[in-house]
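**Student:** what's the 3D shape of this:
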Amino acid sequence: MKFIFADSLDHVDPRYDFIRDRYAAGRTPYWDDFYPHEIMGYAPYDGVLVSRGIVGGAAVGGKYTEAQAMRFRRVGARTFLRLDTPEFAHLPIFGDCGAFTYHKEELPPYTPEDTAEFYDDGRFTHGCSVDHIIFDFDQDLVGTSGGTEEARRRLDITLENAEAFLRATRQMSNRFTALGVIQGWSPGSMADAARRLVAMGYDYLAVGGTVPLKSPQIKACLREIREAIPATVRLHILGFAKADEIETFVPFGVTSFDTTSPLIRAFKDAKVNYYLPGSDGKLTYYTAIRVPQAVENPKLQRLAKRGALNQERLVTMERTALAALRAFDREEAALDEVLEAVLAYAVPAVMGAPLEHLPGVQSIDQLRARYRRTLTDRPWTRCACPICQALSIEVIIFRASNRNKRRGIHNLGVYEQLVARLPINERIQ
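**Tutor:** Numbering: from 1, shown residues only. Modelled structure (predicted):
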């Protein structure tokens, strides 16, 4: 099973100053920054996916600047992502249309023909057909029953686009592998869509619309899809949000999946921010310790404006918390002393009020327990990855993009090792 990382310009400044919290002098974004495979020195994934909706263009505004989007089309995905060196040349580059970026539109903003050209110009190795996402889902429906008029309209659009997309790619001498995207409102409707895609000539299918679904629902879809298509047909899961449960999906014969979950959870999850391999072959999670920037954190700014906290006091508390953590890393400070210094500053930032004014004692106790576990176990000392070796305790501090993204990149490396250890697919009977 291949772990494909869905990139969204996730790079960091390799010369970032963590003590002063400053970018390197004269830094030019993108050009001076490093992608995960550059900062780690190896690829912490088995390939990369780039969504057309992220790149952007005339039809949809993406995350890339106009100059970046033009360069992407001119030099191709591999060169743009700096995967064009010998050690990364084997990595596949997947593309999809980013259906979430246009889910409110009546029709997709792309045609099958211009999407095929986008993949060909970008020299992708794999490209997904143009789909229109279906949010309706009912696991209890039998076969192709049910489905709103809008869901059925979107499925028709998705299948018509898939057929036209396959014709367009054949005219390009199959310079990339075409994937037909499955949409549906139930396991049975998805299985029927898969059957029809295989009949068109696809031998690699991508299961779409899984992000809002729970794991049992996704598995019900995969089970029926597998029963409907030959065992030789490969399956990819698009936008796989249940990445932590990937080992339970092995029996469904999944060839590949894409996700950003390990990176995003480093800075968007309240509890699960730092990964380590567990002794049971699964992941162990730790909570990163929040020490936000005193003059930039919105909650702290509001407290200061209301007069609940003095700005100078905030800056002093911030410095005290950082100094205590760094002293603890050098084994020059006691755990309880560090914990209280961190909480005195972090609680207002996380919860919006000074520690002594907060009514939610249980919440504070839970935060204290999570932080105590992180400091007691010192997980950053147990990881040999280049990021943890270079940053030490800085990697576990929840503070500004360059720290948080580095922690996310560390997570990618740990996660890739987990996927690499999964057993060879054994089809569900």
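**Student:** rest of the way, CA atoms for contacts and neighbours
**Tutor:** Noted.
**Student:** Distance-wise, check residue 235 relative to residue 28.
**Tutor:** In this view, residue 235 and residue 28 are 39 Å apart by CA to CA, to the nearest Å.
**Student:** And for residue 262?
**Tutor:** 27 Å.
**Student:** quick one, which of those two is more surrounded?
**Tutor:** Between residue 262 and residue 28, counting by other CA atoms under 10 Å, residue 262 is the more crowded of the two (26 against 11).
**Student:** Using the three-state scheme, assign residue 48.
**Tutor:** Here residue 48 is strand, with the state taken from DSSP: H, G, I helix; E, B strand; the rest coil.
**Student:** hmm, I was thinking of residue 185
**Tutor:** Relying on three-state DSSP, one would call residue 185 coil.
**Student:** Compute the number of surrounding residues for it.
**Tutor:** So residue 185, with other CA under 10 Å, has 25 neighbours.
**Student:** Check the burial of the nearest residue to it once chain neighbours are set aside by counting its neighbours.
**Tutor:** Closest residue in space to residue 185, ignoring its immediate chain neighbours: residue 137 at 4.3 Å, by CA to CA, 6 or more residues apart in numbering. Residue 137 has 21 neighbours, counted by other CA under 10 Å.
**Student:** repeat for residue 161
**Tutor:** Residue 161 has 23 neighbouring residues, counting by other CA under 10 Å.
**Student:** What distance do you get for it to residue 180?
**Tutor:** Counting by CA to CA - residue 161 and residue 180 are separated by 9 Å.
**Student:** any common contacting residues for these two?
**Tutor:** Shared contacts of residue 161 and residue 180, defined by CA atoms under 8 Å, 6 or more residues apart in numbering, comprise residue 129.
**Student:** Could you point out the helix or strand that follows the helix or strand of the chain with the lowest mean pLDDT?
**Tutor:** Every helix and strand of the chain was ranked by mean pLDDT, DSSP states H and E. The lowest is helix 298-306, at a mean of 78. Counting by DSSP states H and E, the next helix or strand C-terminal to helix 298-306 is helix 311-329.
**Student:** for the helix or strand just after that following helix, which positions count as buried?
**Tutor:** Heading C-terminal from helix 311-329, the first helix or strand you meet, by DSSP H and E, is helix 335-351. By neighbour count on 16 or more other CA atoms under 10 Å, the buried set for helix 335-351 is 338, 339, 341, 342, 343, 344, 345, 346, 347, 348, 349, 350.
**Student:** from the residues you listed, which is closest to residue 231?
**Tutor:** Using CA to CA, residue 350 is the member of those that lies nearest residue 231, at 49.5 Å.
**Student:** Much appreciated, bye for now.
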